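Q: this one's structure only:
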């Protein structure tokens with residue numbers, strides 16, 4: 001199997017040949033498909049403020065993905081090649097995107113990072129601040145009431161559960177990735193302060209002005225552009241959940257369905273707003289987003305964020321043990337900060353997006369094959385060899 005059909009995997013978006021300097025990255029991307037490690041994916045890289053790679057490969061409907069594409073969809077009833085405008089669920093890669101919606105309101109003076117959440121969300125019982133919510137230290141990593149998958153589409157129900165919940169630790173004392181709850185906490189603050197749902201706010205205030213092809217809560221037209229997720233291995237959902245009864249398992253298993261391709265590839269999931277884990281995006285859109293942040297809040301001459309806000313949002317707010325990840329983690333306001341100075345987010349399943357200020361690039365990798373991060377690690381090694 002080669003990477004895509006025609007020249008899609010060997011050319012940048014629009015048909016421009018890949019720059020010779022980055023040929024090693026193209027070859028690595030191609031090899032992922034030849035070796036069977038990848039079935040459908042996209043890679044976008046911006047370097048020194050300019051797009052240098054925009055690659056696509058594979059199929060949007062791999063065998064066993066768990067859903068049937070609409071007959072009138074752009075890929076046809078039999079599936080089709082991954083296109084530059086193919087959307088895919090990127091799991092936690094969406095957390096920083098949700099955070100940026102709230103941070104834009106902070107930048108505009110609508111609320112302060114150290115405000116108690118309850119100041120803007122009456123009835124919210126946990127004594128956490130906006131900053132603590134953004135940095136995963138609020139103590140609410142688990143939805144407290146067991147809910148079926150149908151609850152994924154009921155925003156009011158889930159935010160009501162969180163408002164009434166008792167925190168699992170004193171806010172601010174330790175971190176634990178708020179795996180599924182993060183987007184509802186952040187998104188409800190956006191709604192309470194601005195009046196718009198987080199999906200609409202993202203579309204109108206960030207994605208629109210910066211021309212980013214990504215969103216929460218897709219309409220039926222955009223749902224037809226989505227690639228179906230599939231398991232790299234049959235046991236992926238079980239291994240991803242972790243030890244039964246652990247914080248990780250409790251956080252990921254409720255509401256039900258967040259690791260089930262029958263749910264993930266359904267209109268329920270794609271049409272709902274579950275901002276912690278259901279951003280649907282193109283690699284190009286994500287790479288552009290981080291390009292704007294890396295440039296201090298400006299993209300293509302359009303300033304959305306102040307340089308001070310970007311600096312605050314990307315500095316380390318917490319450095320210590322993460323109870324859910326069970327490892328030392330550095331959290332910014334919505335992103336993970338790595339030892340090499342890069343900041344961004346990966347999602348379970350292998351999608352990633354980040355900025356590397358030291359080397360001057362942003363990278364986004366979006367995949368429909370739910371597996372590990374070895375694919376993007378190989379691509380990064382290839383990219384760094386070019387730089």
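A: Here it is on my side, so go on. Here the structure is a predicted model, which is why all the values come from computation and not from measurement.

Q: where along the stretch 151-300 of the chain do the helices fall?
A: Ranges of helices in the stretch 151-300 of the chain, per DSSP state H, counting those that start in this stretch, are 155-164, 182-194, 198-202, 208-210, 220-223, 236-241, 247-252, 261-264, 267-271, 283-294.

Q: So which of these is the most surrounded?
A: Stretch with highest mean neighbour count among the helices of the stretch 151-300 of the chain: helix 283-294 (a mean of 26; mean count of other CB atoms under 10 Å). C-beta here means a position set from N, CA and C on the backbone, and glycine is covered the same way.

Q: next one: it to chain centre, how far?
A: With CA atoms, centre = their mean, to the nearest Å as the basis, helix 283-294 stands 12 Å off its chain's centre.

Q: again, but for stretch 159-173
A: Here stretch 159-173 is found 23 Å from its chain centre; the criterion is CA atoms, centre = their mean.

Q: returning to what we had before: so which of the helices of the stretch 151-300 of the chain gets nearest residue 382?
A: Residue 382 lies closest, by CB to CB, to one member of those: helix 283-294, at 15.7 Å.

Q: tell me what that closest one is packed against?
A: strand 40-47, strand 50-58, helix 208-210, strand 214-215, strand 298-299, helix 307-314, strand 352-356, strand 361-367 (3 or more CB pairs under 8 Å, 6 or more residues apart in numbering; DSSP states H and E).

Q: try 7 Å this time
A: Applying 3 or more CB pairs under 7 Å, 6 or more residues apart in numbering; DSSP states H and E, one finds that helix 283-294 contacts strand 40-47, helix 208-210, strand 298-299, strand 352-356, strand 361-367.

Q: Residues touching it, excluding its own?
A: 13, 42-46, 49, 54, 84, 93, 210, 212-214, 298-299, 304, 310, 344, 353-355, 357, 362-366 (CB atoms under 7 Å, 6 or more residues apart in numbering).

Q: re the thing from before, out of the helices and strands packed on helix 283-294, which gets nearest to residue 99?
A: Here strand 352-356 is closest among the helices and strands packed on helix 283-294 (CB to CB), at 13.0 Å.

Q: Describe which strands the closest one pairs with in its sheet and in which direction.
A: strand 343-346 (antiparallel), strand 361-367 (antiparallel) (DSSP bridges).

Q: Find the helix or strand that the residue nearest to residue 168 when sequence neighbours are not counted is a member of.
A: Closest residue to residue 168 apart from its sequence neighbours, by CB to CB, 6 or more residues apart in numbering: residue 139 at 5.2 Å. For residue 139, there is no enclosing helix or strand under DSSP states H and E.

Q: Mind pulling up the pLDDT for residue 139?
A: Looking at residue 139, its pLDDT stands at 98.

Q: what's near enough to touch it?
A: Residue 139 neighbours (CB under 7 Å, 6+ apart): 126, 128, 167-171.

Q: can you do 8 Å?
A: With contact taken as CB atoms under 8 Å, 6 or more residues apart in numbering, residue 139 is in contact with 126, 128, 132, 167-171, 176.

Q: How about residue 352?
A: Neighbour list for residue 352: 93, 344-346, 363-365, 373, 376 [criterion: CB under 8 Å, 6+ apart].

Q: which residues does it bridge with?
A: Using DSSP bridges, the beta-bridge partners of residue 352 come out as residue 346, residue 365.

Q: what's the answer for residue 53, then?
A: Assessed by DSSP bridges, residue 53 has beta-bridge partners residue 45.

Q: So what's the predicted local confidence for it?
A: 96.

Q: now the residue nearest to residue 168: how far from residue 245?
A: 19 Å (CB to CB, to the nearest Å).

Q: go on, residue 88?
A: Distance, residue 88 to residue 245, using CB to CB: 31 Å.

Q: Looking at those two, which one has more neighbours?
A: Taking other CB atoms under 10 Å, residue 88 and residue 245 do not tie; residue 88 has more neighbours (25 against 8).

Q: Apart from its chain neighbours, what residue comes closest to the more buried one?
A: residue 227 (4.4 Å).

Q: Quick one: neighbours of residue 137, just the number.
A: Applying other CB under 10 Å, we find 25 residues neighbouring residue 137.

Q: Quick check: mean pLDDT of the helix or strand encompassing residue 328?
A: Per DSSP H and E: residue 328 is located in strand 327-331. Throughout strand 327-331, pLDDT has a mean value of 98.

Q: in terms of contact count, name the helices or strands touching it.
A: Looks like strand 327-331 contacts strand 318-322, strand 336-337 (3+ CB pairs under 8 Å, 6+ apart).

Q: Flag every buried residue along it.
A: If you call a residue buried by 16 or more other CB atoms under 10 Å, then strand 327-331 has these buried ones: 329-331.

Q: Out of the residues you listed, flag the one nearest to residue 249.
A: residue 329 (18.4 Å).

Q: Quick check: the closest one vs residue 176, distance?
A: Residue 329 sits 9 Å away from residue 176, taking CB to CB as the criterion.

Q: what residues do those two have in common as contacts?
A: Common neighbours of residue 329 and residue 176, counting by CB under 8 Å, 6+ apart, are residue 322.

Q: where in this protein is pLDDT low?
A: Applying pLDDT under 70 to the chain flags the ranges 1-19, 63-79.

Q: Please name the nearest non-neighbouring residue to the spatially most central residue of the chain.
A: Taking CA atoms, centre = their mean as the criterion, residue 93 is the residue nearest the geometric centre of the chain, at 1.8 Å. Leaving aside its chain neighbours, residue 93 sits nearest to residue 347 (4.4 Å; criterion: CB to CB, 6+ apart).

Q: residues touching the one you found, list them.
A: Contacts of residue 347 (CB under 8 Å, 6+ apart): 90-94, 277.

Q: So it versus residue 330, what's the distance?
A: Per CB to CB, residue 347 is found 18 Å from residue 330.
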